[in-house]
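Q: Below: sequence and its predicted model.
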Amino acid sequence: MDETNLDTLRNVPHAAEYQFHPLLSVEELQVGEIPVAELIEKAEAELDAFDGSIDAIVGYWDFPVSTMVPILCKRYGLRSTSLESVVKCEHKYWSRLEQRKVIDEHPRFALVDLEGEADPPADVRFPMWLKPVKSFSSELAFGVEDEKGFRAAVAEIRGGVSRIGRPFEYILDQLVLPPEIAAAGGQACLAEESLTGVQAAVEGYVFDGEVTVYGVLDSINYDDSACFLRHQYPSALPGQVVRRLKDVSERVIRQIGMDSATFSIEYFYDAETDAINLLEINPRHSQSHAEMFEYVDGVPNHHCMISLALGRDPKLPDNKGTYELAAKWYYRRFEDGVVRRRPTAKEVERLEQEIPGLKVDLVPEEGQRLSDMPGQDSYSFELAHIFVGADSEAELREKYDRCVASLRFEFTDAMP
């Protein structure tokens, strides 16, 4: 549990009836190689020592949280989707194999052998993406244009895949795996043909076996970059495209067998070819979207997570919020450096008071080297997450630009 999300959790319906308790820290769960078995033991000790009632165990972070929640819920008799359904989403190769059974809206893909001289798969064309079968926040994901880039990316992935892949194999050992997944393991690499078009995300949940999609958002990149500039809700895509995204999402989630769980699925839509392609399935809702749903619908999507864990129908209201539109902006720096100065808490507070519908979360600490921050993509470093509510896209941009102009960061190349 972190302070930013705790503020949001306190805004869900019935929040006065809930008491939220942290189980493990962000640092324990996200930094360095992740000791999953030790973390599960520590979580169990914390739960066993608690003298109150344990009514739900929830999480909105990626691995290992996403896989620990069903393990702990099963051991304590609480509601959760199965561990197998989570891993079917999180193991990128297994996820593609499951998708292929019920949809055609996915790119060509193939495993890449990281042992010895890895060659580009014959059935996957350049340009392509290489990524570990388990990663998060686009860590060790590389877009490659040719064989030279392919081999450079394989070398990078080979050197870093164990940080997440090795602990992920502990999770795989808890399941009876199909032979092809057992053979691949958790430290394999996946090649996928690059997708074109605009990105969108579908948010939904499964309650008593029924799949519900409650929101479709646009994901907009920086110019000439694969890095997110902002997520924007609701989507500006045509209604028939939104309906197709919902249909594909429902079929895939039913195939994977999720229940009593939230999900977030990322897509590409190419207007020129009218093609939809599924990028990846996250077996959790996106904490990145919580404030946007609160701005537009009046309720953060954390509400769905909590309701499902308590056995309640999490139906969300439509358009009951303060604003017509909302966005989460990623203010980034595209080169490394050490943070010599970051905006003060008073400066941020003043900005949030001056600009209605603004919330700012700073990412790096003062004195921190940007490349030492966990969970960054392969091309940029996040400086701030900026949430904005507005009644038009022009107003969204104007508020963001005003905010960025006032955020005073300073950098140096050397450690202080």
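A: Cool, got the structure.

Q: Now the nearest residue to Glu139 once chain neighbours are set aside. Its backbone dihedrals?
A: Among residues not flanking Glu139 along the chain, Gly375 sits closest, at 6.6 Å (C-beta to C-beta, 6 or more residues apart in numbering). Yep, even glycine has a C-beta here, placed from its N, CA and C like the rest. Torsion angles at Gly375 (phi, psi; degrees, to the nearest 10) stand at phi 70, psi 20.

Q: burial count for Gly375?
A: By the measure other C-beta atoms under 10 Å, the count of residues near Gly375 is 16.

Q: Relative to Thr344, how far out is the nearest residue to Ala384 once chain neighbours are set aside?
A: Among residues not flanking Ala384 along the chain, Tyr331 sits closest, at 4.3 Å (C-beta to C-beta, 6+ apart). Applying C-beta to C-beta, to the nearest Å, the value for Tyr331 to Thr344 is 16 Å.

Q: List the neighbours of whichever strand or helix holds Glu46 that are in contact with it.
A: Per DSSP states H and E: Glu46 is located in helix 36-49. With contacts defined as C-beta atoms under 8 Å, 6 or more residues apart in numbering, helix 36-49 is touched by 23-24, 28-29, 54, 57, 64, 67-68, 71-72, 75-76, 167-168, 170-171.

Q: Number of residues surrounding Leu217?
A: By the measure other C-beta under 10 Å, the count of residues near Leu217 is 28.

Q: counting contacts, what elements does the longest helix along the chain pack onto?
A: In the chain, assigned by DSSP state H, the helix with the most residues is helix 239-256. Judged by 3 or more C-beta pairs under 8 Å, 6 or more residues apart in numbering; DSSP states H and E, the packing partners of helix 239-256 are helix 83-90, helix 92-102, strand 198-207, strand 210-221, strand 261-270, strand 275-282.

Q: closest to Leu407 out of those?
A: Taking C-beta to C-beta, strand 210-221 is the member of these nearest to Leu407, at 19.9 Å.

Q: about what we covered before: any idea of the mean pLDDT for the longest helix of the chain?
A: Averaging pLDDT along helix 239-256 gives 98.

Q: which of the residues in it are buried?
A: For helix 239-256, a neighbour-count test (16 or more other C-beta atoms under 10 Å) marks 241-242, 244-246, 248-253, 255-256 as buried.

Q: Just the closest of the residues you listed to Glu115, please.
A: Closest to Glu115, out of all of the buried residues of helix 239-256 and judged by C-beta to C-beta, is Ile256, at 29.4 Å.

Q: didn't that closest one look like it was pressed against Leu97?
A: No. At 10.8 Å, Ile256 does not count as touching Leu97 under the criterion of C-beta atoms under 8 Å.

Q: domains in the chain, as residue ranges please.
A: With domains defined by automatic domain parsing, the chain comprises 3-85, 108-193, 198-412.

Q: Tyr93 is nearest to which of those?
A: domain 108-193 (4.9 Å).

Q: In contact with the residue nearest the centre of the chain, which residues?
A: Nearest to the geometric centre of the chain sits Ser286, at 5.6 Å (C-alpha atoms, centre = their mean). With C-beta under 8 Å, 6+ apart as the criterion, the residues that contact Ser286 are 60, 201, 203, 264, 301.
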